[in-house]
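A.B. asks: Take a look and give me a structure for this.
(2 chains)
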Amino acid sequence: MVEIQLKSGADFEGFRQAVRSLLENGTTPENVAWGNSDARERFNVAPENSATRISLPADVVSLAKLVVCHTDPERYGLLYDLIWRVKHGERHLLDVACDPTVHRLERMRKAIARDIHKMHAFVRFQSTPSDDGERFVAWFEPQFFILHEASSFFVSRFPSFAWSILTPLGSLHWNRHQLTAGGPASKSDLKAPEDEFEKGWIEYYRSTFNPARLNTKLMRAEMPKRYWQNLPEASAMGDMIRAAARRVDDMLEAPPSISIKRSPERALLRSTGSPPLSLEALNEIITASDAFVPGGTRAVLGEGPLRPDLAFIGEQPGDQEDIQGRPFVGPAGAIFDRALAASGISRAECYITNAVKHFKYEQRGKRRIHQTPTHGEIKHYRWWLQEELKIVQPKLVVALGASAAFALAGRPVKVSESRGLTKFDTVPAVLTIHPSYILRLQDKAQAETEFAKFVADLNLARACLAEAA
Amino acid sequence: MAMTLFEKLPILADAAKYDASCASSGGPKHKAKQGGLGSTTGAGICHSYTPDGRCVSLLKILLTNYCLYDCAYCINRRSSNVRRARFSVDEVVTLTTEFYKRNYIEGLFLSSGIIRSADYTMEQMMLVAKKLRREHGFAGYIHLKTIPEASPWLIEQAGLWADRLSINLELSRETSLRKLAPEKNAETIQFAMRQTGERIAEAKKEKRRFSPAGQSTQIIVGADDASDLDVLRSSSRMYEKYKLKRVYYSGFSPIPDASKALPVKAPPLVREHRLYQADWLLRYYEFSIEDLASASDDGMLDLGIDPKFAWALKHREAFPVDVNTAAREMLLRVPGLGKRAVDQIISSRRHHRLRAEDIRRLSPGFKRALPFLIAADHHSTALLDRLDLRSRIAPSQQLELF
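C.D. replies: Alright, predicted model coming up:
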C-alpha cells in the first residue's frame, strides 16, 4: 500500500507529481491511500519533477484541475481511478457519462463550477479609502477551495482599479498590474465606510421586484441561503416578502384609473420619426453621427444644387477628400473633372456625393490606404443616400462604380454586365465605372481607351436628359 | 426641487421591471482594454435574485418614464398617474459604472418612454451606450431597447455600441395592438426587426461588431385573447424571419393604476412557463408548430403537464424508444430527457449497451422517461397502454413547478 499525503485545499501540483510517480511504478488504484493535511510531510512521493511527464486527454486534465478544489476526501482517489483506467485501455472513458466513477466526478465538477459561478456573481465590493486612493474590498465565503480557479475572472473584469477579495481560505489582492495571494482573512478585516451606491443598490433591488410574482422557492434555489449573509441586498428581503401580498391586493382593489391628461395630439404627431425635410437637416445628422467604417475622421457631405439634371454617386471619400472635406477633389476627382469637361458637363450644375460618407482606410506607416467598404457597411449609409436623393431630386443619377450601384439598388450589381442606361427603383440612371479605375491602370493605351468609354457614358447621360426634355 | 440620482432610481427601476428580458448572454467573450472596465463571459451571470425568483443581471432602468404613448398594458402610459422622473445621460453612465465596479451587475438594460420624439429619445439612449464605451472603456453588457418609430439610421448607430438590441412586439395580434397600443404599428415594428436582423447577419459575416448578442423581443401574455398557439406562431415566424436570439414571454401582471382596457385578473404564471417550454421545444428539440398544435387543446397548452409530455401522451404509437439504437431526434421527444442527457446517451452508448440504471444516472427526469423507453434490461409497453399514465407519472403538484 502506498500512502500519499497532499497539502490541504486544492493541491493540484502535489496530485500531479504523485500521479506521475504512481503510474511510473505501475501502482494500481486499490493500492493507494490518499490523505491530505498540512502537518505531515509527503511520503512515498518522488521529489518534484523527477518523474516523467505523462500525457492525458485535455478534458481529463481540466476535470482534475476542478475536482481537486472539492472538499470530498475521496476526490484524489476517484481521480486517480479515472486516470488509471484512461491509461489502461479506456481512453474515452469520459465519454461514458453513465459510468459510476465518471458520473460521481462529473457531479463534483458541477458543484465546483457552480461555486465558482456563484462567487463571480455574489462577491460584493465595497469602496474603501487606501494609500493609492480607493480600493474595492470584498468578503466572501466560498464552499470549496476555488479561490485560485475563480480569480482570473476578476482580473479580466476589473483591470483598472485596485481590489481585494478576502475569504476564510485565503485572499486575493490586485494592484492594477499584478495579482498576489494572501493568507486567510476574517470578516472583521473589512472595514468600509458607508457607501451611497450600496444603499442605492438595495433600493434598486427593492424596486425591481414584482410583488405579484412572489416565488421565494425559486429564489432560494438560485441564491442559496448560505450566501445571504454577505449580500447587502438580502437585508431588504424580509420586508419585501412580508409586504408582497398586501401590495398586490391594493393594486387589484384600486379602481381603474381615469386619464388625467387630454391626448397630446400634436406632440404625438411630432413624435413619430419624420424624415429630415431639408438637406441642411440631413447633413447635420450625418455630421453628428459616428463612422460606420474603420478610419473615417469626418463626414464628407454631398455638394451641388437641388433639383439638378445630374447627380453623381461615388463610392466613398479618399485621403484628399477626407482632408479637404469635399467630394472628388483628389486624383480620381481630377480624372472625373477632365471627363466632365470632355463631355461638356458643368460640375457646378451637378450634385456630387458618395454612397459612404466616411473614408475607410488602414494606416500603413504614414500612408492611409483606401479600403473598399463591405456590403454591410454600405447598407449602414444607405438610408442617408436615399433621403439625400429624395431631397435633391435629380433628373438622372450616375452611379460611379459597383459600390455606388450597390447603394442605389440595395443588391449587388456588376458594372461589366449592367453598364449604361438603367434604373434604380424608379429613378432613371446611368451606370459606369468609378474614375479611380482608370487611375489604377498601368497600361497607358488602355487607360486612354477606358477614359474614352467613361466620357461616352457621360455623353449617354446627357443624351438621355435631352431626350427627356 | 430637482430629484437626486437616488430618488429617481426607484421610480425608473420600478418602471422598467415589467420587461422580462434579463439575459446578459449570447455574445462572444470580450474583455476591457487597458484602462477600461468590464468583460462579457458569453454565458452571462445572474448577480442576484429577488423574491419573485427572477434574476438580477443587468441594471434594468428607463431613461425616463414620461411617455407620449398610451399603451394600456404599460405602467408608464401617458394617462397613468405614476410618479415621473428622468435621468440624464451622465446619471445613467455613473450608476452603471459604479454598480458594475461593486460587482452588482453584468451591465445595463436601457429602455425609455417616448419623450419629445422617437428620434430624440433613441438618440439619448444611444448616447448613454456610446459614452460608456468611449469614455469609460466599458466592456460590460449593454442591451438597448430600440424604439421602432425612430429613424432607421439611429438603429444603425445603436448597434455599434450595444451587445443586444431588442424591439418589443408586445402583442402577437395586430387587432390587439391597435386596441391596446394605439400609437404603435405592427408594420413599423416588423420593419425595424428586419433591418436589425439584416445588419446583425451582415456584420457577423463580415466580422464586424454590430449587436453581437443578436436581437430579442417580448410578447405580453394574457392581456388580450390571443391563444398560446397564436403567440407561438408569431414567435416561430420571428425566429425564422428575423433570426431572433430570443422571444420573452411576459405573463401580464397587475400593475398599479391599471387601465380600464385590461382584464382584471392576471393569467396563471404557469401559462408563461409552458410557453417558454414550448419555445424551447421549437428551438432546441426539433418540434414544429404542428407538433405543438397537436399537443394543445383549442390552441392552449396543457397547464397541468409540460408540452413535451402532452405531445407524447397523444402520440403513444411513437414509443417506446430504444435508448441504444434510436435516432437523436426521437430521443429528444422522450418526456424527461433533456438535450444534455440525450447527448450523453449517444456518446455513452458507443462504448456499451445502456441499462435503466445508466439512464437514471444521466437524467434527473428518469422516472418520467422510463415508460417511454427500451433499455438493455428494460422494456415497457404495458405502462404505455395504460389510460392512467398521465396521473401515474405527472404528480398533481406539477402545477407548482415553474
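
A.B. asks: Just the residues contacting stretch A:418-431, thanks.
C.D. replies: A:389, A:394-399, A:405, A:408-409, A:413, A:415, A:432-433, A:457-458, A:460-461, A:464, A:468 (Cβ atoms under 8 Å, 6 or more residues apart in numbering or on different chains). No exception for glycine: its C-beta is placed from N, CA and C like everyone else's.

A.B. asks: So for stretch B:38-46, first residue to last residue, what's the gap.
C.D. replies: 15 Å (Cα to Cα, to the nearest Å).

A.B. asks: That one and chain A, any residue contact?
C.D. replies: Yes: contact of stretch B:38-46 with chain A (Cβ under 8 Å from any Cβ of the partner chain) involves B:Gly38, B:Ser39, B:Thr41, B:Ile45, B:Cys46.

A.B. asks: which stretch of helix or strand covers the residue most central in space within chain B?
C.D. replies: Centrality entry for chain B: nearest residue to the mean C-alpha point is B:Tyr248, 2.9 Å, by Cα atoms, centre = their mean. Per DSSP states H and E: B:Tyr248 is located in strand B:246-251.

A.B. asks: what's the distance between the following helix or strand past that strand and the middle of its chain?
C.D. replies: Next along the chain after strand B:246-251, taking DSSP H and E as the criterion, comes helix B:269-284. Its chain's average C-alpha position is 10 Å from that of helix B:269-284, according to Cα atoms, centre = their mean, to the nearest Å.

A.B. asks: all strands for the chain, in order.
C.D. replies: Chain wasn't specified; assuming chain A. Applying DSSP state E to chain A gives strands spanning A:2-6, A:32-36, A:126-130, A:133-139, A:162-167, A:170-174, A:179-182, A:310-314, A:351-354, A:361-364, A:367-370, A:396-400, A:420-424, A:427-432.

A.B. asks: I was thinking of chain B, sorry if that wasn't clear
C.D. replies: B:30-31, B:39-40, B:48-49, B:55-56, B:58-62, B:107-111, B:141-145, B:164-166, B:215-221, B:246-251, B:321-322, B:373-375, B:378-379.

A.B. asks: so can I have JSON lines of those strands showing mean pLDDT and distance to A:Asp189?
C.D. replies: Below are these laid out as JSON lines (pLDDT from 0 to 100; distance: least, Cβ to Cβ, whole Å):
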{"stretch": "strand B:30-31", "mean pLDDT": "88", "distance to A:Asp189": "29"}
{"stretch": "strand B:39-40", "mean pLDDT": "91", "distance to A:Asp189": "27"}
{"stretch": "strand B:48-49", "mean pLDDT": "95", "distance to A:Asp189": "24"}
{"stretch": "strand B:55-56", "mean pLDDT": "94", "distance to A:Asp189": "28"}
{"stretch": "strand B:58-62", "mean pLDDT": "96", "distance to A:Asp189": "29"}
{"stretch": "strand B:107-111", "mean pLDDT": "97", "distance to A:Asp189": "30"}
{"stretch": "strand B:141-145", "mean pLDDT": "97", "distance to A:Asp189": "32"}
{"stretch": "strand B:164-166", "mean pLDDT": "96", "distance to A:Asp189": "39"}
{"stretch": "strand B:215-221", "mean pLDDT": "94", "distance to A:Asp189": "43"}
{"stretch": "strand B:246-251", "mean pLDDT": "92", "distance to A:Asp189": "43"}
{"stretch": "strand B:321-322", "mean pLDDT": "94", "distance to A:Asp189": "58"}
{"stretch": "strand B:373-375", "mean pLDDT": "91", "distance to A:Asp189": "55"}
{"stretch": "strand B:378-379", "mean pLDDT": "83", "distance to A:Asp189": "57"}
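
A.B. asks: contacting residues around residue 226?
C.D. replies: No chain was given, so I picked chain A. A:Arg226 neighbours (Cβ under 8 Å, 6+ apart): A:Glu141, A:Gln143.

A.B. asks: sorry, should have said chain B
C.D. replies: B:Leu171, B:Ser172, B:Arg173, B:Ser176 are the contacts of B:Ala226 under Cβ under 8 Å, 6+ apart.

A.B. asks: Burial check on the last one, number of neighbours?
C.D. replies: Put plainly, it is B:Ser176. Neighbour count for B:Ser176, taken as other Cβ atoms under 10 Å in any protein chain shown: 20.

A.B. asks: give me every residue that touches it.
C.D. replies: B:Ala223, B:Asp224, B:Asp225, B:Ala226.

A.B. asks: For chain A, see how far away it is.
C.D. replies: 18 Å (Cβ to the nearest Cβ, to the nearest Å).

A.B. asks: Get me the contact residues on the stretch 1-150 of chain A for chain B.
C.D. replies: A:92, A:95-100, A:103, A:117, A:120-127, A:136, A:138.

A.B. asks: Buried residues of the worst-scoring helix or strand of chain B on mean pLDDT, list them for me.
C.D. replies: Taking mean pLDDT, DSSP states H and E as the measure, chain B has helix B:389-393 as its least confident helix or strand, at a mean of 74. Of all the residues in helix B:389-393, those buried under the rule 16 or more other Cβ atoms under 10 Å in any protein chain shown are B:Leu389, B:Ile393.

A.B. asks: how about CSV for the residues of stretch B:38-46 next to chain A, with neighbour count and distance to B:Glu357 added?
C.D. replies: Formatted as CSV, the residues of stretch B:38-46 next to chain A follow (neighbours: other Cβ atoms under 10 Å in any protein chain shown; distance: Cβ to Cβ, whole Å):
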residue, neighbour count, distance to B:Glu357
B:Gly38, 27, 46
B:Ser39, 22, 42
B:Thr41, 19, 36
B:Ile45, 21, 36
B:Cys46, 20, 34
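
A.B. asks: count of residues packed around the closest residue to A:Ser278 other than its chain neighbours?
C.D. replies: Closest residue to A:Ser278 apart from its sequence neighbours, by Cβ to Cβ, 6 or more residues apart in numbering or on different chains: A:Ile391 at 6.8 Å. When neighbours are defined as other Cβ under 10 Å, A:Ile391 has 19 of them.

A.B. asks: residue contacts, A:Ile391?
C.D. replies: A:Pro276, A:Leu277, A:Ser278, A:Leu279, A:Leu282, A:Leu306.

A.B. asks: gap between whichever residue of the stretch 101-250 of chain B sits closest to chain A and A:Arg382?
C.D. replies: Chain A sits closest to B:Glu202 of the stretch 101-250 of chain B, with a gap of 3.2 Å, by Cβ to the nearest Cβ. As defined by Cβ to Cβ, to the nearest Å, B:Glu202 lies at a distance of 12 Å from A:Arg382.

A.B. asks: Now do the contacts for the residue lying closest to B:Asp14 once chain neighbours are set aside.
C.D. replies: Of all residues not flanking B:Asp14 in the chain, A:Ser207 sits nearest, at 4.5 Å (Cβ to Cβ, 6+ apart). Neighbouring residues of A:Ser207 by Cβ under 8 Å, 6+ apart: B:Leu9, B:Pro10, B:Ile11, B:Ala13, B:Asp14, B:Lys17.
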